[in-house]
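J.: can you look at this prediction? I've put the sequence above it.
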Amino acid sequence: MPLSRRVRETADRARAAGPPPGPARPGFWRSPLRGPWLTGVFGLLLLAGVVILFVTGLLSYAAYNPDLAARNDQTPDKGLLCFYLFTWPTSPYWLYRLTQGVHTVLGVVLVPVLLAKLWSVIPKLFEWPPVRSAAHGLERLSLLLLVGGAGFTFATGILNIQLDYLFPGSFYVLHFYGSWVFMAAFVVHVSFRLPRAVRAVRAGGARQPAPESPEAAGLVSPNPAPPTISRRGALAMVGAGSLALLAVTAGQSIGGWWRKTALLAPHGRDPGTGPNGFQINKTAASSGIRPSDIGPAWRLTVRGGGRQEVLTRDMLLALPQREADLPIACVEGWSTPDQRWSGVRLTDLAALVGLGTDTPQVLVESAQRGGSFSSVVLAANQARDDRSLLAMRVNGADLSPDHGYPARVIIPAAPGVHNTKWVTRLTFGEPE
């Protein structure tokens with residue numbers, strides 16, 4: 001007997017026996033608010049928000065220049081999922097600060113909408129019989145991937161921006177694959193449900209369809225409880241929750257005075273006042289930096305074109321010093337205001353080994369021990385930008401150890417982890 005026929009016969013027997021006691025029975029869910037209009041509104045809001053999240057997430061991934069070098073993207077078996085054919089630009093210099101700020105803040109703001117959407121369709125998760133046909137079984141599987149993928153993607157993203165790395169592996173890899181699973185299920189779901197959602201929203205929320213009608217879509221209770229709030233009131237409540245999250249989250253991306261309003265942002269990573277008194281991620285101690293690594297014996301090795309130069313910090317300070325006003329923007333969503341950095345242009349360092357007129361890509365290596373992004377390859381356009389510096393001072397003072405003393409790179413529009421601290425070697429040309 002074909003599988004599809006066996007599935008249908010099993011479903012017919014389950015339908016004839018009726019649903020078991022509990023959430024599978026239609027009268028179990030009694031909220032008078034559930035219906036196609038409210039579900040449609042939440043669905044359309046999520047559609048717009050998730051599309052923006054996906055686009056800004058792709059841009060965040062592109063900012064790492066994943067095709068440039070294996071060091072920049074260690075995601076295993078990514079295959080066709082890594083399809084970027086462009087190099088991340090350096091202008092406008094606040095580009096990554098904007099795109100990643102939108103991505104993280106919007107992800108938090110959408111949480112009430114996501115939860116409300118799941119609440120509005122929860123009767124569908126327990127519909128009886130669970131599987132009516134092979135095609136219906138595939139649809140249910142896609143729904144499982146959609147709900148599970150959404151929960152996983154949002155949860156890992158929120159934990160990451162809270163600096164709670166409670167993952168069984170790399171956040172970068174887990175969030176990457178989780179997002180693709182979620183988006184694949186999301187596209188399938190939208191392709192089937194979007195016309196119905198649009199029709200429901202256009203019909204308005206003043207009247208609920210009959211529980212057994214096709215328009216009800218199994219969402220309307222046959223025995224609703226007395227209402228305590230209107231459907232528009234419920235929508236307003238969810239909107240108020242999203243606005244509240246916006247108010248206590250956005251400040252970590254805006255920076256400056258607004259950071260005081262970011263009550264949900266991680267705290268304790270601000271080193272205080274003064275020239276070095278701005279946000280950090282990893283401290284020198286947490287990165288395994290020892291005093292001897294950044295003491296008088298520290299040296300910078302510059303390689304390229306078959307040549308090598310070894311420089312002390314005093315020798316670097318004797319070279320022409322340039323300044324650039326640039327922020328730091330991190331994948332966790334926080335960013336700093338523009339800081340005034342001073343140091344030696346990467347193009348001038350490339351010139352020391354005969355590559356200054358046509359500066360190639362550069363491998364930047366740090367004294368950091370272990371962990372992710374202790375080295376990075378910067379693209380040629382990043383190395384050639386006049387604002388790209390090996391910085392030794394910030395806001396008129398020497399870098400603090402936590403900000404990368406004796407020297408760090410600062411690159412316009414780059415993710416914070418690519419502004420490598422405690423630099424010990426620059427290799428211009430093909431990375432080693």
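T.: On my side now, so go ahead.
J.: please enumerate the helices of the stretch 151-300 of the chain.
T.: 171-203, 231-247, 251-254 (DSSP state H, counting those that start in this stretch).
J.: would you mind putting the CA coordinates of the last one into PDB?
T.: The one in question is helix 251-254. Extracted in PDB, the C-alpha atoms of helix 251-254 (Å, rounded to 0.1, in the frame of the first residue of the first chain):
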ATOM      1  CA  GLY A 251      21.200  53.400  23.000                       C
ATOM      2  CA  GLN A 252      23.900  50.800  22.800                       C
ATOM      3  CA  SER A 253      24.100  51.300  19.000                       C
ATOM      4  CA  ILE A 254      23.600  55.100  19.100                       C
END
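J.: so what touches that helix?
T.: Here helix 251-254 makes contact (CB atoms under 8 Å, 6 or more residues apart in numbering) with 97, 100-102, 104-105, 161, 258-262, 265, 333-335. The C-beta positions use only the backbone N, C-alpha and C, and glycine is treated the same way.
J.: 7 Å instead, please
T.: Applying CB atoms under 7 Å, 6 or more residues apart in numbering, the contact partners of helix 251-254 are G101, T104, V105, W258, R259, K260, T261, A262, A265, G333, W334, S335.
J.: and the closest residue to the first one other than its chain neighbours, how far from D325?
T.: By that I understand G101. In space, and not counting its chain neighbours, G101 is closest to S253: 3.2 Å by CB to CB, 6 or more residues apart in numbering. Separation of S253 from D325 (CB to CB, to the nearest Å): 18 Å.
J.: what of Y165?
T.: Going from Y165 to D325 by CB to CB gives 31 Å.
J.: dump the contacts of helix 251-254 to JSON lines, plus pLDDT and distance to A62.
T.: Putting the contacts of helix 251-254 into JSON lines (pLDDT from 0 to 100; distance: CB to CB, whole Å) gives the following:
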{"residue": "G101", "pLDDT": "93", "distance to A62": "16"}
{"residue": "T104", "pLDDT": "94", "distance to A62": "16"}
{"residue": "V105", "pLDDT": "94", "distance to A62": "19"}
{"residue": "W258", "pLDDT": "81", "distance to A62": "27"}
{"residue": "R259", "pLDDT": "79", "distance to A62": "27"}
{"residue": "K260", "pLDDT": "81", "distance to A62": "32"}
{"residue": "T261", "pLDDT": "84", "distance to A62": "30"}
{"residue": "A262", "pLDDT": "83", "distance to A62": "26"}
{"residue": "A265", "pLDDT": "75", "distance to A62": "25"}
{"residue": "G333", "pLDDT": "85", "distance to A62": "17"}
{"residue": "W334", "pLDDT": "86", "distance to A62": "20"}
{"residue": "S335", "pLDDT": "89", "distance to A62": "18"}
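J.: now for these, which pair is the farthest apart?
T.: Within the contacts of helix 251-254, T104 and K260 form the most distant pair, 18.1 Å apart (CB to CB).
J.: more neighbours: which of those two?
T.: Higher neighbour count among T104 and K260: T104, with 29 against 9, using other CB atoms under 10 Å.
J.: so the more buried one is in which element?
T.: Following DSSP states H and E, one finds T104 within helix 95-109.
J.: now that helix against helix 231-247, angle please.
T.: Using axes from the mean of the first three to the mean of the last three CA atoms, to 10 degrees, the inter-axis angle of helix 95-109 relative to helix 231-247 is 140 degrees.
J.: tell me the helices and strands packed up against the very next helix or strand once past helix 95-109.
T.: Per DSSP H and E, helix 95-109 leads on to helix 111-120 as the next helix or strand towards the C-terminus. The contact analysis (3 or more CB pairs under 7 Å, 6 or more residues apart in numbering; DSSP states H and E) places helix 111-120 against helix 36-63, helix 134-161, helix 231-247.
J.: so for helix 111-120, what's the average pLDDT?
T.: The pLDDT scores in helix 111-120 average 96.
J.: what of stretch 161-173?
T.: What stretch 161-173 shows for mean pLDDT is 79.
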